[in-house]
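S.K.: okay, sequence plus prediction incoming.
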Amino acid sequence: MNKQQISQTVRLSIGMVLVVAICTHGFAQTASPSLPTAKANIPPKPWKPKLLSDGQPDVQGTWTTVYYGMGCLTNPTNGDVNCVPPPGPRPAAGTSNAGGPPPAGPDGHVAGQRGNGNPPGVVNGQPPAPERGNRAQRGAADQAGAGGQGARGDGQRVAGGQGDGAAPGPGGQRAARGPRMARNAPSRIVDTDNYDIPYTPEALAHEQDLFAHYYAPARYGDIDPQQRCWPLGAVRQFTWHDVTIEQFPGYVVLVYSGSEVYRIIYLDNRPHIDSALKLWMGDSRGHWEGTTLVVDTTSNNAKGRLSRAGDFSSDKVHHVERFKFTDADHFRYEATFDDPSVYTKPWTFGFDEKRGYFGGDGGVPDGPVTEETQSKFELWEEACHEGLIPGGNDVPGLESIN
Amino acid sequence: MSFRKNICFTFIAGAVLVVAAAGQSARPAAIPRLADRKPNFNGIWQTIGSADMDLQDHVADRTTPASQSVVEEKEIPYLPEALKKRQDNFEKRRTDDPEFAKCNLPGVPRITYARNLPFQIFQLPKGDKITVLYEYAEAHRFIYTNGTPHPPGHINWYLGDSRGKWEGDTLVVDSVDFLDDIWLDHAGDYIDQNLHVIERFKFIDADHIDYKVEIDDPKIYSKPWHIDLILYRHKEKNFQLLDYVCYAFPIDKYYP
């Protein structure tokens, strides 16, 4: 993709901007970040993307989740496992944790609770996140905004927990930080009556057991594999940091920040690998239906969980993922979870993604976020792997593994 | 029409002869190229051999097959103090090799031959960068080919910062910005954050790449030295990268 040429084109002159905008609709990623807002007033029209040499719509670039957070699926606004509602008026009955959080325990943590999920309309109380001055933490603190690019990979920041409200390391180390701005956001479960996962009773008991032991692991297996920097799995990975989409003839490649993982989506109609082979990020075959990328994903090893709160699938899960691109800067992601061994019926995990605009990270200089900074952005290494766990593999209070 | 066909056949026959003659001479073999005429490295590649265990000549032991040195200079030109550390590393390799014992990302060039795992190169004509995806630890590298320089300052990265350019048909990749605690093999050969790596990718023929690496680290070596490996193309039908999420933890016991 020739971003620099495009950005030069866009900068030609004010008089030319309108013409360019019409003529290069598919290049709108280089236009001003305010463009999506302006578009909201225009009746939706089918998006006509630029097509690549093999006919794929051009959706390359770096994308970010509108609501970050993989702690709680039913109110996914922060990294905490507890679906803590905001201060002030409580959400209406039937929404997430309408009763409010229980008192904190002696260790300062609030015991986990699970309520109904927030309905899709819940987008309230989004106070601006406090500006975090440390460039090495997140480029854009506003989680609903630009989406941050992570640290320079000093190998230390990622240890134990990966920012964004990560749980403490297994040894309980945690730097002091200010109170979290609790907010509300739509549940990531979008098509069940209570916007929660339809677990079978046995599966729900397992989830609750993992949930209850999140801050106080009784067994190594209680610890979220994410805390060991193992891959998050095909779906959960989107709720964590950003994703760069690259396209090559016959392939869509997803490279994630926040940890060193990628996915290769094959568009060449090759068969899936054998179902006995299991992979952390699954085995993906895709095709385009207009501007929607449809991906069939199997062979999930299900070692990665779906949230910090113990949500899970089995390794029999079958996903159909849809990346519904609605314009040059937005797509809706939906993934079905079909797994009768743990769910009473199939359900859908969904959220919105937007194109990331960056400043002060990934080679982009500090200062205003512009189309030029966007064109210069590079996804930089943000390693997360086992060797970075503070104190090594042993967890105090548990048996030594060595 | 038949006259034209005859001419056509004559041309083809002539062309076949010319190609056959070329094959017998010292002319370079035909290599795949992209629309921009650059060598097309797209594909899945893999090393063969024992470089990950020991870059230099070594005899077989309990875990390692014997292998000849892949160091062009035969021996790595360590400075005296650094050689002592290398020997110390060797003694402690079972517990201290950052790749084997901790599953750290193994740096460049070790990522290329770490456990001889396959990796896939994605390259577009006139692309901004070349993307390399590794089965080892789901790692990736972006090799920027748009003429941009390394970013300012020293940055501590496992896989460094890589900027590539073309010298004729050779892809030359310059990498800096590494952190300490990276080994080049299981035998304790190591680098520090002053590492400067220059990799050269050049087709031998359509299915083999000569992968030559210059390693310079003035605090550790008396002069730059070189690794030379061959990258082999995977040609199996439907071959694809799987995952090798290196485990320093007994995952099967605790996460069955």
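M.R.: That came through fine.

S.K.: how about the helices in the chain?
M.R.: I went with chain A, as the question did not name one. In chain A, the segments counted as helices under DSSP state H are A:3-10, A:14-23, A:35-39, A:201-212, A:371-376.

S.K.: my bad, the chain I had in mind was chain B
M.R.: B:2-24, B:80-91, B:93-96, B:110-113, B:251-254.

S.K.: give me every residue that touches the closest residue to chain B within the stretch 201-350 of chain A.
M.R.: At 3.9 Å from chain B, A:Y220 is the closest residue in the stretch 201-350 of chain A, using CB to the nearest CB. Every C-beta, even on glycine, is put in place using the N, C-alpha and C of the backbone. Residues near A:Y220 by CB atoms under 8 Å, 6 or more residues apart in numbering or on different chains: A:395, A:398, A:401, B:254-255.

S.K.: any chance of a markdown table for those, columns neighbour count and distance to A:N269?
M.R.: As requested, the contacts of A:Y220 are arranged in a markdown table below (neighbours: other CB atoms under 10 Å in any protein chain shown; distance: CB to CB, whole Å):
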| residue | neighbour count | distance to A:N269 |
| --- | --- | --- |
| A:V395 | 21 | 46 |
| A:L398 | 15 | 47 |
| A:I401 | 14 | 44 |
| B:Y254 | 15 | 39 |
| B:Y255 | 17 | 34 |
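
S.K.: save these as CSV, and put in distance to A:T348 and pLDDT too.
M.R.: Putting those into CSV (distance: CB to CB, whole Å; pLDDT from 0 to 100) gives the following:
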residue, distance to A:T348, pLDDT
A:V395, 35, 73
A:L398, 37, 80
A:I401, 38, 70
B:Y254, 31, 85
B:Y255, 27, 86
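
S.K.: shaky segments in the stretch 151-300 of chain A?
M.R.: Within the stretch 151-300 of chain A, the set of residues satisfying pLDDT under 70 comprises A:151-183.

S.K.: which parts of it sit against chain B?
M.R.: A:152-155, A:219-221, A:225, A:228, A:230-231, A:246, A:248, A:251, A:253, A:255, A:260-262, A:264, A:266, A:270-271, A:273, A:277, A:279-281 (CB under 8 Å from any CB of the partner chain).

S.K.: go again with 6 Å.
M.R.: A:152-154, A:220-221, A:230, A:246, A:248, A:255, A:260-262, A:270, A:279-280 (CB under 6 Å from any CB of the partner chain).

S.K.: and of the contacts of A:Y220, the nearest to A:S307?
M.R.: B:Y255 (16.5 Å; CB to CB).

S.K.: buried ones among the residues of the stretch 151-300 of chain A next to chain B?
M.R.: A:152-153, A:220, A:230, A:246, A:248, A:255, A:260-262, A:279-280 (16 or more other CB atoms under 10 Å in any protein chain shown).

S.K.: in strands, which of these appear?
M.R.: Under the assignment DSSP state E, these contribute A:246, A:248, A:255, A:261-262 to strands.

S.K.: where in the stretch 151-256 of chain B is pLDDT low?
M.R.: Short version for the stretch 151-256 of chain B, where the test is pLDDT under 70: none.

S.K.: which bits of it sit near chain A?
M.R.: B:151, B:155-159, B:238, B:243, B:245, B:248-250, B:254-255.

S.K.: buried subset of those, written for PyMOL?
M.R.: To isolate the buried members of those in PyMOL, using 16+ other CB under 10 Å:
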select buried, chain B and resi 151+155+156+157+158+159+243+245+248+249+255
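
S.K.: from the residues of the stretch 151-256 of chain B next to chain A, pick the one nearest A:E207.
M.R.: B:Y255 (15.6 Å).

S.K.: for the stretch 151-256 of chain B, which residue gets nearest to chain A?
M.R.: B:Y254 (3.9 Å).

S.K.: and B:L229, bridged to which residues?
M.R.: B:Y211 (DSSP bridges).

S.K.: neighbours around it, how many?
M.R.: Neighbour count of B:L229, defined by other CB atoms under 10 Å in any protein chain shown: 19.

S.K.: same deal with the one 4 residues further on?
M.R.: Around B:R233 there are 17 other residues, counting by other CB under 10 Å.

S.K.: so who does the residue most central in space within chain B touch?
M.R.: With distances taken as CA atoms, centre = their mean, B:T112 lies nearest the centre of chain B, 3.9 Å away. Residues near B:T112 by CB atoms under 6 Å, 6 or more residues apart in numbering or on different chains: none.

S.K.: that one and chain A, how far apart?
M.R.: 16 Å (CB to the nearest CB, to the nearest Å).

S.K.: ok so, going back, quick check, nearest of the ones in strands among the buried ones among the residues of the stretch 151-300 of chain A next to chain B to B:P39?
M.R.: For those, the nearest to B:P39 is A:F248 (16.2 Å; CB to CB).

S.K.: who's the closest one bridged to?
M.R.: The partner residues for A:F248, given DSSP bridges, come to A:Y251.

S.K.: you'd agree it is up against B:Q120?
M.R.: No. A:F248 lies out of contact with B:Q120 (CB atoms under 6 Å); the separation is 10.0 Å.

S.K.: next, count neighbours for the residue of the stretch 101-250 of chain B found nearest chain A.
M.R.: Relative to chain A, the nearest point of the stretch 101-250 of chain B is B:K102 (2.9 Å; CB to the nearest CB). When neighbours are counted by other CB under 10 Å, B:K102 registers 20.

S.K.: OK, contacts around the nearest residue to A:F211 once chain neighbours are set aside?
M.R.: Once flanking residues are discounted, A:F211 sits nearest to A:G310: 4.1 Å by CB to CB, 6 or more residues apart in numbering or on different chains. A:G310 makes contact with A:207, A:210-211 under the criterion CB under 6 Å, 6+ apart.

S.K.: ramachandran angles for A:G310?
M.R.: phi 90, psi 0 (degrees, to the nearest 10).

S.K.: next, the distance between the ends of stretch A:252-268.
M.R.: Stretch A:252-268 has its terminal residues 11 Å apart, counting by CA to CA, to the nearest Å.
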